[in-house]
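K.L.:
Here's a sequence, model it:
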Amino acid sequence: MAILSVNINKIATLRNSRGGNVPDLLKVALDLERFGAQGITIHPRPDERHIKYQDARDLKKIIATELNIEGNPIESFIQLVDEVKPAQVTLVPDAPDAITSNAGWDTLIHADFLKEMVAHFKNQGIRTSIFVDPVVAMIEGAAKTGVDRIELYTEDYARLYGEDKEKAIAPYIKAAQKATQLGLGINAGHDLSLDNIAYFRERIIDLKEVSIGHALISESLYLGLENVVNMYKHRLK
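P.N.:
You can find the predicted model right below:
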């Protein structure tokens, strides 16, 4: 079974919109674990418009599952991860003003930088993952950095799924096969939802982890967090 890590950025966005502590991010994280989530993901950005750096420190102290911190390894992010030491760090090449992640790394152009970052975090015992598009050359480049896992950027899959799911999944199957061949663990995330997650899990047989936030929180407005968490877990079996 692939594990479900819930991205709680949207909870932080809602909290920050009123300037107080409602909803309580830490309580939501604990409730998600109680409901069955097997990990918590956060993606702090330099302007702290949703997840604050202090949230990362506070979450590490209380959660019992895996903490995954995503982000662009600028100096402030590196310092935060060094301090918190999450179970996993996922390197994402997003610009500071990006609304959300919109591309994977070019692991060939940025090979030297990624090797340096991967070595830095792995030396501290932190599992490392690189966010990549489903392109075989990018998977091969990622493997050369010494990284533990790749996270497949799944927006294209989600966008095409309703039109032609076989076409949508095809590049991901090739990328996953190459990753497995090279000894890389496979994570996935971005726009995965209750509608498309089961087929993705069925076809990407070596999938280890999915990180889901926006869709899961949106679906929970109608169905409730506890129910939705378990609906995802059922589809991920």
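K.L.:
Strands of the chain, residue ranges please.
P.N.:
For the chain, strands defined by DSSP state E occupy the ranges 3-7, 39-42, 66-71, 88-91, 127-132, 149-153, 185-189, 207-212.
K.L.:
I'd like the average pLDDT over stretch 83-94.
P.N.:
Per-residue pLDDT over stretch 83-94 has a mean of 96.
K.L.:
roughly how far out does that stretch sit from the chain middle?
P.N.:
Stretch 83-94 sits 10 Å away from the centroid of its parent chain (C-alpha atoms, centre = their mean, to the nearest Å).
K.L.:
buried stuff in the longest helix anywhere in the chain?
P.N.:
Across the chain, the longest stretch assigned as helix under DSSP state H is helix 165-181. Buried residues in helix 165-181, counted by 16 or more other C-beta atoms under 10 Å: 168, 169, 171, 172, 175, 176, 177, 178, 179. C-beta here means a position set from N, CA and C on the backbone, and glycine is covered the same way.
K.L.:
Can you pull up the most central residue in this structure?
P.N.:
Nearest residue to the geometric centre of the chain (C-alpha atoms, centre = their mean): residue 211, 4.1 Å.
K.L.:
For the nearest residue to it once chain neighbours are set aside, which residues are in contact?
P.N.:
Spatial nearest neighbour of residue 211, excluding adjacent residues (C-beta to C-beta, 6 or more residues apart in numbering): residue 189 at 3.8 Å. Counting by C-beta atoms under 8 Å, 6 or more residues apart in numbering, residue 189 touches 7, 41, 151, 152, 153, 154, 210, 211, 212.
K.L.:
Low-confidence bits of the chain, can you list those?
P.N.:
Applying pLDDT under 70 to the chain picks out residues 95-102.
K.L.:
Please, where are all the helices along it?
P.N.:
Under the criterion DSSP H, the chain carries helices at the ranges 9-16, 25-35, 53-62, 75-84, 111-122, 136-143, 155-161, 165-181, 197-203, 214-223, 225-235.
K.L.:
need the ones you listed in TSV with distance to residue 47, can you?
P.N.:
TSV is the format used below for the helices of the chain (distance: least, C-beta to C-beta, whole Å):
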stretch	distance to residue 47
helix 9-16	11
helix 25-35	17
helix 53-62	11
helix 75-84	11
helix 111-122	22
helix 136-143	28
helix 155-161	23
helix 165-181	32
helix 197-203	30
helix 214-223	19
helix 225-235	27
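K.L.:
Quick one: closest of these to residue 93.
P.N.:
helix 111-122 (9.6 Å; C-beta to C-beta).
K.L.:
Let me know the angle separating the closest one from strand 127-132.
P.N.:
Angle of helix 111-122 versus strand 127-132, following axes from the mean of the first three to the mean of the last three C-alpha atoms, to 10 degrees, is 150 degrees.
K.L.:
Does anything pack onto helix 111-122? Which helices or strands?
P.N.:
Judged by 3 or more C-beta pairs under 8 Å, 6 or more residues apart in numbering; DSSP states H and E, helix 111-122 is in contact with helix 75-84, strand 88-91, strand 127-132.
K.L.:
hang on, the earlier thing: including distance to residue 218, could the strands of the chain go into TSV?
P.N.:
As requested, the strands of the chain are arranged in TSV below (distance: least, C-beta to C-beta, whole Å):
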stretch	distance to residue 218
strand 3-7	12
strand 39-42	16
strand 66-71	19
strand 88-91	22
strand 127-132	22
strand 149-153	19
strand 185-189	15
strand 207-212	10
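K.L.:
Minimum distance to residue 224: which of those strands has it?
P.N.:
Residue 224 sits nearest to strand 3-7 of all those, at 13.7 Å, using C-beta to C-beta.
K.L.:
Which elements pack onto that closest one?
P.N.:
The contact analysis (3+ C-beta pairs under 8 Å, 6+ apart) places strand 3-7 against strand 39-42, strand 66-71, strand 207-212, helix 214-223, helix 225-235.
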